[in-house]
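# dropping a prediction and its sequence here:
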Amino acid sequence: MKVKILGISGSPRHGNTDILVKEALKGAEKLDGVETEFVAICDHKIKSGCISCYRCKSTDFERLCLGVKGDDGNMLMKKMMDADGWIIGVPVYWGASRPSSRP
């Protein structure tokens, strides 16, 4: 049985985050029985996140979000549900939670 690992780059552009997620997936592929897939969020149309309409509670997860239409969010959620594990990379532009105290 194969283990499926989904790598997701959450960067708004192709760059270092993509490179790092792909490198992590390469490491996972070296293990026997592991298959990987890479998804870059910037290649897909995702309008918004959850709008708390709770219409998903009335579905059997074949159509995950009934409230947000016309984007690729359901496609990504389906890939995430089908995977056994995720590697998620997001950019850190500032690298700190607050500005430096230097003058």
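Thanks, I have the structure now.
# please make it C-alpha for all contacts and neighbour counts, starting now.
OK.
# can you give me the pLDDT of residue 65?
What the model reports for residue 65 is a pLDDT of 71.
# mind pulling up the pLDDT for the closest residue to it other than its chain neighbours?
Once its chain neighbours are removed from consideration, residue 65 has its nearest residue in residue 56; the separation is 5.4 Å (C-alpha to C-alpha, 6 or more residues apart in numbering). Predicted confidence (pLDDT) at residue 56: the value is 70.
# residue 88 is in contact with residue 11, correct?
No - if you go by C-alpha atoms under 8 Å, residue 11 and residue 88 don't touch, sitting 10.2 Å apart.
# number of nearby residues for residue 30?
10 (other C-alpha atoms under 10 Å).
# quick one, phi psi at it?
Note on residue 30: backbone dihedrals following degrees, to the nearest 10 are phi -70, psi -20.
# now do it against residue 51, distance only.
When C-alpha to C-alpha, to the nearest Å is applied, the distance between residue 30 and residue 51 equals 39 Å.
# distance check, residue 44 against residue 91.
17 Å.
# which one is residue 90 nearest to, not counting chain neighbours?
Nearest in space to residue 90, with sequence neighbours left out and distances taken as C-alpha to C-alpha, 6+ apart, is residue 10 at 4.8 Å.
# low pLDDT regions in this structure?
Under the criterion of pLDDT under 70, the regions of the chain flagged as low confidence span 48-49, 58-64, 66-68, 94-103.
# and the strands in it?
Listed in chain order, the strands of the chain (DSSP state E) span 3-9, 34-40, 85-89.
# can I get these in CSV with distance to residue 22?
Shown next, in CSV, are these (distance: least, C-alpha to C-alpha, whole Å):
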stretch, distance to residue 22
strand 3-9, 7
strand 34-40, 7
strand 85-89, 9
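# closest one to residue 18 among these?
Between residue 18 and these, the shortest separation by C-alpha to C-alpha is 5.5 Å, and it involves strand 3-9.
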